[in-house]
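Asks: Okay, here's the prediction I keep looking at, along with the sequence it came from:
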Amino acid sequence: MRALVVMLLLASSAFAEDRPLYFTRPLKAEDVAGRSLRELTLMRNWIYARRGNEFRRAWLRDFFTQQKWYQPNQAAFLSEGWKNLSDDQPADWARDDKNAEVIAEYESSLTTEQLNAMRDAVRARAKSAKPEDLIELKLLSIRLGGWAGEGDAPASLNPLENPKRLDGLLKLSDLDDLSPRDLKLLRNTIFARKGRPFETPLVKGHFKTVAWYEVNPKYSDKLLTDVDKKNVKLIQSLEKQLKREAESNFMVAA
């Protein structure tokens, strides 16, 4: 494990300066290998930012707002950004979509051992930590199922980053920083805490590295508490609202 941490530290320092976050060619394995979760998230979302996507995650929104080329236009993104390649679309969209798949596949292939090594690498630079390191620890917390930093979990963690918050009732404001994908994972985290098995690739792949997750062969929704049920309803209500807003934006843009 120690050797793996050292390798990750060397890899991140060696590649941070000379590897861009966006490529105008098909990605190669070496383009994603050794990347932090923050870098991988930026790489994947750079593709959608170029098409005008607006971000619910504050750190992504802040990052792309600082890019001079970024022009948020959610209506246009929804009407054009997710179409299959056609004659009237830029040819690089097909390449970008393939690149997004490569990044997502690499992210999902990371093992618990690799994620723990990435966590230890961030912890090792505690004295010289940068703001980006807190973002990295939050992303690692999501993948590992709890606060990845040392000491008590910061109060700023959302429920996906700190599932212990699901012990109590959530407020709508607790979900402000979560994307539709995040909301789906959070909703299923409530069921996962009771041991529900999953078949959907996204959800099943997510929980494979969550330390506390264990399938309960006798799982039933009857295991959910009243708090669990209320939290599920709250998350579902926001998911439906975001879907309605997306459909409305799509109709306006179309």
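Replies: Okay, I see it.

Asks: could you point out where the stretch 1-150 of the chain is predicted with low confidence?
Replies: 1-17, 74-90 (pLDDT under 70).

Asks: So which residues of it form helices?
Replies: 2-15, 29-32, 37-49, 58-65, 74-80, 92-109, 112-124, 131-144 (DSSP state H, counting those that start in this stretch).

Asks: Relative to residue 241, which of the ones you listed is closest?
Replies: Smallest distance to residue 241 across the helices of the stretch 1-150 of the chain (Cβ to Cβ): 14.4 Å, for helix 74-80. From N, CA and C alone the C-beta is placed, and that goes for glycine too.

Asks: re earlier: would you turn the helices of the stretch 1-150 of the chain into CSV with distance to residue 198 and mean neighbour count?
Replies: Below are those laid out as CSV (distance: least, Cβ to Cβ, whole Å; neighbours: other Cβ atoms under 10 Å):
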stretch, distance to residue 198, mean neighbour count
helix 2-15, 28, 14
helix 29-32, 25, 14
helix 37-49, 21, 21
helix 58-65, 26, 16
helix 74-80, 28, 19
helix 92-109, 14, 16
helix 112-124, 17, 18
helix 131-144, 16, 20
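
Asks: Dump these into a markdown table; add distance to residue 242 as well.
Replies: Formatted as a markdown table, these follow (distance: least, Cβ to Cβ, whole Å):
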| stretch | distance to residue 242 |
| --- | --- |
| helix 2-15 | 34 |
| helix 29-32 | 29 |
| helix 37-49 | 15 |
| helix 58-65 | 15 |
| helix 74-80 | 11 |
| helix 92-109 | 20 |
| helix 112-124 | 28 |
| helix 131-144 | 19 |
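
Asks: With residue 156 as the reference, name the closest of these.
Replies: Residue 156 lies closest to helix 131-144 among the helices of the stretch 1-150 of the chain, at 8.5 Å (Cβ to Cβ).

Asks: So which other helices or strands are in contact with the closest one?
Replies: helix 37-49, helix 112-124 (3 or more Cβ pairs under 8 Å, 6 or more residues apart in numbering; DSSP states H and E).

Asks: tilt between the last one and helix 37-49?
Replies: Orientation note: helix 112-124 sits at an angle of 100 degrees relative to helix 37-49 (axes from the mean of the first three to the mean of the last three Cα atoms, to 10 degrees).

Asks: Could you find the closest non-adjacent residue to residue 132?
Replies: Closest residue in space to residue 132, ignoring its immediate chain neighbours: residue 38 at 5.9 Å, by Cβ to Cβ, 6 or more residues apart in numbering.

Asks: ok, now residue 40?
Replies: residue 107 (5.3 Å).

Asks: The one you found: what's it in contact with?
Replies: Going by Cβ atoms under 8 Å, 6 or more residues apart in numbering, residue 107 touches 37, 40, 44.

Asks: Does the first one touch residue 143 like I think?
Replies: Yes - the pair residue 37 and residue 143 qualifies as a contact (Cβ atoms under 8 Å) at a distance of 7.0 Å.

Asks: neighbours around residue 181, how many?
Replies: By other Cβ atoms under 10 Å, the residues close to residue 181 number 12.

Asks: what's the answer for the one 3 residues further on, then?
Replies: Applying other Cβ under 10 Å, we find 17 residues neighbouring residue 184.

Asks: One more: the one 3 residues further on?
Replies: For residue 187, the tally of surrounding residues (other Cβ under 10 Å) stands at 20.

Asks: now stretch 134-150, how far from the chain's geometric center?
Replies: Here the centre of stretch 134-150 is set off from its chain's centre by 11 Å, with Cα atoms, centre = their mean, to the nearest Å.

Asks: ah, wrong one, I meant stretch 99-115
Replies: Using Cα atoms, centre = their mean, the offset of stretch 99-115 from its chain centre is 11 Å.

Asks: repeat for stretch 144-159
Replies: That offset, for stretch 144-159, works out to 15 Å (Cα atoms, centre = their mean).

Asks: What residues sit buried inside it?
Replies: For stretch 144-159, the buried set under the neighbour-count rule, 16 or more other Cβ atoms under 10 Å, comprises 144-149, 153, 157-159.
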